[in-house]
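> sequence below, structure please.
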Amino acid sequence: MEIYLVRHTEPVTPKGICYGQADVDIKEPYLEIFQEIKAQLPTDAIVYSSPLLRCKKMAEFFTDNIIFDKRLMEMNFGNWELKAWNDIPLEEINPWMDNFVTVSVPNGESFKGLHQRVGEFYTELLQKNADKIILFCHDGAIRSILSHYHKTQLKDSFSLYTIKYGEVVKIIL
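The predicted structure is shown next:
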């Protein structure tokens, strides 16, 4: 089984803004970038996507036959959604920065929470009888899948994996 993990292209949100499950759009022009991404992907794959616009747009460029799954959404940043990282009170952000794996964002989730929901999706995916699968998703979901695949600690996922906007990561099972 080949799984292609595709991170959405650059969002319209300014640098320094927290956007997890906020449904933000992607920067234009993006059609040329989409063409480059499409050239890296098989045409005979089952396609899944996060339902958030920044992934949905890419998936719909690729095919009309998409399975949208909320478990592929980015981390829920709760009260911090669309706030500048610098405007988040230190008493809220410091505990999370010290232990983002298990500390939940106020009215949001922890990285462990994201990892559990993405892991549930990934486990189901492995049971499918498919040769090729494409996932249009987010940085957090991709890091989570790579942590499952490589059996690495969540706390190490940001030092081990760098996933650029529009990057395609292929894993083979």
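
> what's the end-to-end length of stretch 6-18?
21 Å (C-alpha to C-alpha, to the nearest Å).

> just give the closest residue to residue 169, not the sequence neighbours.
Here the nearest residue to residue 169 in space, its sequence neighbours aside, is residue 5; by C-beta to C-beta, 6 or more residues apart in numbering that works out to 4.3 Å. To be clear about C-beta, it is placed using only N, CA and C from the backbone, and glycine gets the same treatment.

> repeat for residue 53
Spatial nearest neighbour of residue 53, excluding adjacent residues (C-beta to C-beta, 6+ apart): residue 23 at 5.1 Å.

> contact partners of the helix or strand containing the residue nearest to residue 169?
According to DSSP states H and E, residue 5 maps onto strand 2-7. Strand 2-7 is contacted from outside by 37, 40-42, 45, 58, 125, 131-139, 142, 145-146, 163-173, using C-beta atoms under 8 Å, 6 or more residues apart in numbering.

> try stretch 37-55
Contacts for stretch 37-55 (C-beta under 8 Å, 6+ apart): 2, 4, 6, 8-9, 11, 21, 23-26, 56, 58-59, 61-63, 65-70, 72-74, 125, 128, 130-138, 141, 166, 168.

> roughly how far apart are residue 95 and residue 171?
33 Å (C-beta to C-beta, to the nearest Å).

> and what of residue 153?
18 Å.

> okay, the two: which has more neighbours?
residue 171 (15 against 10; other C-beta atoms under 10 Å).

> can you classify the more buried one by secondary structure?
strand (DSSP: H, G, I helix; E, B strand; the rest coil).

> wait, it touches residue 149, no?
Yes - Residue 171 is within contact range of residue 149, at 5.3 Å (criterion: C-beta atoms under 8 Å).
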